[in-house]
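Undergrad: have a look; sequence and predicted model below, questions after that.
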Amino acid sequence: MAHSTFKGGIHPHKRKRFTREKPIQEYYPRGELVYPMVQHIGGPAVPVVKAGERVLKGQVIARADGYISVPVHASVSGTVKAVEPRMTVSGNAVMSIVVDNDNQYERAPLEQMKPWQDLEPGERIMKIQKAGIVGMGGAGFPTHVKLAVKNPKKIRTVIVNCSECEPYLTSDYRRMVENPEWLVMGLKMILSLFERAVGIFAIEDSKRDAITSLQLASGKENRMEVKVLETKYPQGSERMLIYACTGKEINSSMLPADAGCIVHNVDTVCAIYQALAFGKPLTERVVTVTGKALVNPCNFNVPIGTSFSELIDAAGGFSKEPKKFVSGGPMMGISLFDLNVPVVKTSSALLCMSKDDVAGSVPGSCIRCGSCVEACPEQLLPAKLADLAEHFQEDTFRELYGMECLECGSCSFVCPARRHLTQSIRAMRRSLLVKGKR
Ligand code: SF4
Ligand code: SF4
């Protein structure tokens, strides 16, 4: 049977074999922990601790600054060493709290909570904010804001993004195989806020074990289904998922809620479960540490704030000279120039590549083959948009819907001339967004 999907897209090598069968291992950091105040979209968190103070695991060390913001919690016990700017994955120095780990992992007492079913919907959403939960798939949008829609009755579909379509990544896959009941409980908690909605675990057909574990775990839940999608990149993009699951299309100026949908990533749903069932704040996440340059690629459950450089040692060090490091997947991840930056709430992977395909390629002239147009999931004209971006033609770029680009990288991937299409389009989009031109 043909599985649901979207138009366009590509089939890159999955390269998930490195870590697919590697169960999640706990990682205990050795060095200092660094907590940037910007790990989410919205107001930066505000430090509430000073150098010299002792902190406990799970303690609030920075408060949310307003509604579109979340607090930050210590992921270990130890002593605050400094509150100062530190380098982050983005390449920018960001105000951060630095904690010396005492290796005791002494926990702050968990808040006494009523059973989650006895809480009012507003109280549930407030607990999610207090737990510091954000979209852990990469966007970092505060989860409580996404859940607090104006009219909950208009939400008809809650989608759990189980597609993990980026090559190499297996952190979500391992969660689905190892802890499917967390996902079912988390989705149940979200559905309790939207009485007319059904829940969908949207998953690619290549993830057979995860499909089976989710089907078994959710079998008795009459408001949930496991929807099997075609394995194709970028299946996990919010717009593509909504289209594949409901047939509804949204554009860059719409929210999923405008199409009656809410979409959450696997780790985020697990964090909601931990927060509402046990009062646990978000202090750790699963990170796939992978790539050909490593001796022993693994999936680790990592305390937030751990340095990426430690994870290289934990994965056995390098087997060959690394040429490129990426935080996240190879298609949409961020290249790292310094590994001494912390794992944050949105860090899904550390990829260590033994060759850099992009840096080594010399772009040629367009041969007008049309492959980029065929691959584009938004049905854009990537070759034309890249030309416009390179010549700073802002108005025509916008007229040709350049702002609808997902920056998914599919056009660059298929281009036989090796043109850096996504790079040019991304640069133009970002400069227009800074100018407030959508
Ligand atoms: S133009 Fe944008 S959305 Fe289309 S394939 Fe390229 S990067 Fe993806
Ligand atoms: S894929 Fe590359 S060569 Fe082909 S039309 Fe697009 S830009 Fe030109």
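TA: Here it is on my side, so go on. Ligands and ions are numbered 1, 2, ... in the order given.
Undergrad: which stretches of this structure have low pLDDT?
TA: Within the chain, the ranges that satisfy pLDDT under 70 run 1-3, 356-361.
Undergrad: how's it carved up into domains?
TA: When the chain is parsed with automatic domain parsing, its domains come out as 1-26+114-353, 371-434.
Undergrad: the last one and ligand 1 in contact?
TA: Yes - counting by Cβ under 6 Å from any ligand atom, ligand 1 is contacted by domain 371-434 at 375-378, 380, 382, 405-411, 421-422, 425. (Each C-beta comes from the backbone N, C-alpha and C, glycine too.)
Undergrad: cool, the longest one as well?
TA: No - with Cβ under 6 Å from any ligand atom as the criterion, ligand 1 is not reached by domain 1-26+114-353; the gap is at least 7.2 Å.
Undergrad: for that domain, the distance to its chain's centre please.
TA: Taking Cα atoms, centre = their mean, to the nearest Å, one finds the center of domain 1-26+114-353 at 6 Å from the center of the full chain.
Undergrad: 34 is where my numbering starts, stick with that
TA: OK, 34 is where the count begins now, so the last one is domain 34-59+147-386.
Undergrad: in this structure residue 362 contacts residue 196, no?
TA: No - judged on Cβ atoms under 8 Å, residue 362 makes no contact with residue 196 at a distance of 11.9 Å.
Undergrad: ok so, going back, just the ones in helices from the residues of domain 404-467 next to ligand 1, please.
TA: Mapping the residues of domain 404-467 next to ligand 1 onto helices (DSSP state H) picks out 408, 415, 443-444, 454-455, 458.
Undergrad: who wins on neighbours among those residues?
TA: Neighbour tally across these (other Cβ atoms under 10 Å): the maximum, 29 neighbours, falls on residue 444.
Undergrad: thought it was touching residue 410?
TA: No - here residue 444 lies out of contact with residue 410, judged by Cβ under 8 Å, at a distance of 9.8 Å.
Undergrad: next, show the common contact partners of those two.
TA: Shared contacts of residue 444 and residue 410 (Cβ atoms under 8 Å, 6 or more residues apart in numbering): none.
Undergrad: where do the helices of the stretch 234-383 of the chain begin and end?
TA: If DSSP state H, counting those that start in this stretch is used as the criterion, the helices of the stretch 234-383 of the chain fall at 241-251, 271-279, 299-311, 341-347.
Undergrad: so can I have CSV of the ones you listed showing distance to residue 207 and mean neighbour count?
TA: Compiled in CSV, the helices of the stretch 234-383 of the chain are given as follows (distance: least, Cβ to Cβ, whole Å; neighbours: other Cβ atoms under 10 Å):
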stretch, distance to residue 207, mean neighbour count
helix 241-251, 9, 18
helix 271-279, 20, 22
helix 299-311, 10, 24
helix 341-347, 16, 19
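Undergrad: ok, the spatially most central residue of the chain - contacts?
TA: In the chain, the centroid-proximal residue (Cα atoms, centre = their mean) is residue 170; its distance is 1.4 Å. Residue 170 makes contacts with 194, 269, 298-301, 379, 381, as judged by Cβ under 8 Å, 6+ apart.
Undergrad: hmm, back to that, what's the closest of the domains of the chain to ligand 2?
TA: Among those, domain 404-467 comes nearest to ligand 2, with 3.3 Å by Cβ to the nearest ligand atom.
Undergrad: and that closest one, does that touch ligand 2?
TA: Yes - using Cβ under 6 Å from any ligand atom, domain 404-467 reaches ligand 2 at 404-405, 416, 447-450, 452, 454.
Undergrad: just send those residues back as a markdown table, with secondary structure and distance to residue 465 too.
TA: Listed next are the residues of domain 404-467 next to ligand 2 as a markdown table, based on DSSP: H, G, I helix; E, B strand; the rest coil; distance: Cβ to Cβ, whole Å:
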| residue | secondary structure | distance to residue 465 |
| --- | --- | --- |
| 404 | helix | 26 |
| 405 | helix | 20 |
| 416 | helix | 19 |
| 447 | helix | 25 |
| 448 | coil | 23 |
| 449 | coil | 29 |
| 450 | coil | 25 |
| 452 | coil | 20 |
| 454 | helix | 17 |
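Undergrad: no further queries at this time; thank you.
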